[in-house]
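Engineer: The following block contains a protein sequence and its predicted model.
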Amino acid sequence: MKRYDLINWFIERYDYKTYLEIGLDQPKNCFDRIECVKKYSVDPKIQCSRSTHYQMTSDDYFKFVHDGKLDIVFVDGLHVCDQVIKDITNSLQVLSEIGTIIVHDCNPQKEIEANPQRQTGRWNGDVWKAFAFFRKNFPNLFMKTVNIDEGCGIIRYGTQKTYNGPYLEYSDLETNRSELLQLISPKDLECYY
Ligand SMILES: C[S@@+](CC[C@H](N)C(=O)[O-])C[C@H]1O[C@@H](n2cnc3c(N)ncnc32)[C@H](O)[C@@H]1O
């Protein structure tokens, strides 16, 4: 299963109508494969003739452009903890009641790829720390990570037993990976959602 299969799975499951992709890069890799009535994208580096693409940062998009509710948001912009926290916070504010946020790159396998400064071709950054921040501080969310495609974090309103361990160093992730990320496999989706 790839990230777009997972996004489409949620769209079909809940009959979602509105999708936002934060961080578009090449539309053919994900955006074009999403099957949803209304699709929007934002990326400061990507020029695109579609009227539903916004060439700006996600911060500016939420501040100046966005209007109304979103059913599903794919957070895949700048892979740096503080920015991902902002992207998730802004998304939660406009998320429909039964909406879903999917956060790419939550499950890095190598420390060098989890560095907030990009050093490698494959780069997850410290997105996992943003996920940990919400696992620790938000008992009113329901959070899992599907162990596919660099780790796809799933955030919805609900309840959770919060994570109480550390999340400062990469070794904290290695020691607490399963509990921190709440890892599940695609075959578990039906039983949680
Ligand atoms: C990993 S790529 C996105 C890949 C795409 N979502 C996919 O699944 O194929 C990350 C993109 O985020 C964009 N980006 C960087 N900073 C951003 C920001 N502040 N807001 C939105 N997008 C940003 C980059 O320009 C880059 O194109």
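Structural biologist: Noted; the coordinates are in hand.
Engineer: near the ligand, which residues of the protein show up?
Structural biologist: Counting by C-beta under 6 Å from any ligand atom, the chain comes close to the ligand at 3, 21-25, 29-30, 42-46, 57-58, 76-78, 83. C-betas here are computed from N, CA, C, even on glycine.
Engineer: Going by neighbour count, which of these are buried?
Structural biologist: Listed as buried from those are 3, 21-24, 30, 42-44, 46, 57-58, 76-78, 83; burial here means 16 or more other C-beta atoms under 10 Å.
Engineer: Helices of this protein, residue ranges please.
Structural biologist: In order along the chain, the chain carries the following helices (DSSP state H): 3-14, 58-60, 81-94, 127-137, 170-181, 189-192.
Engineer: Of those, give the one that comes closest to E113.
Structural biologist: With C-beta to C-beta, the closest approach to E113 among the helices of the chain belongs to helix 170-181: 9.8 Å.
Engineer: In that closest one, which of the residues would be classed as buried?
Structural biologist: Neighbour-count burial for helix 170-181 [16+ other C-beta under 10 Å]: 170, 172-173, 176-177, 180-181.
Engineer: Tell me the one of those nearest R135?
Structural biologist: Of all the buried residues of helix 170-181, L180 has the smallest distance to R135: 6.2 Å, by C-beta to C-beta.
Engineer: wait, that closest one sits on Y163?
Structural biologist: Yes. In terms of C-beta atoms under 8 Å, L180 counts as a neighbour of Y163; the distance is 5.3 Å.
Engineer: what do these two both touch?
Structural biologist: Counting by C-beta atoms under 8 Å, 6 or more residues apart in numbering, the contacts common to L180 and Y163 are 132, 135.
Engineer: Average pLDDT for the longest strand anywhere in the chain, rounded please.
Structural biologist: Determined from DSSP state E, the single longest strand within the chain is strand 95-103. Averaged over strand 95-103, pLDDT sits at 98.
Engineer: Each with direction, which strands does it pair with?
Structural biologist: According to DSSP bridges, strand 95-103 forms sheet pairs with strand 70-75 (parallel), strand 152-157 (antiparallel).
Engineer: Give me the buried stretch members for the first one, please.
Structural biologist: Read it as strand 70-75. Residues of strand 70-75 classed as buried: 70-75 (neighbour count, 16+ other C-beta under 10 Å).
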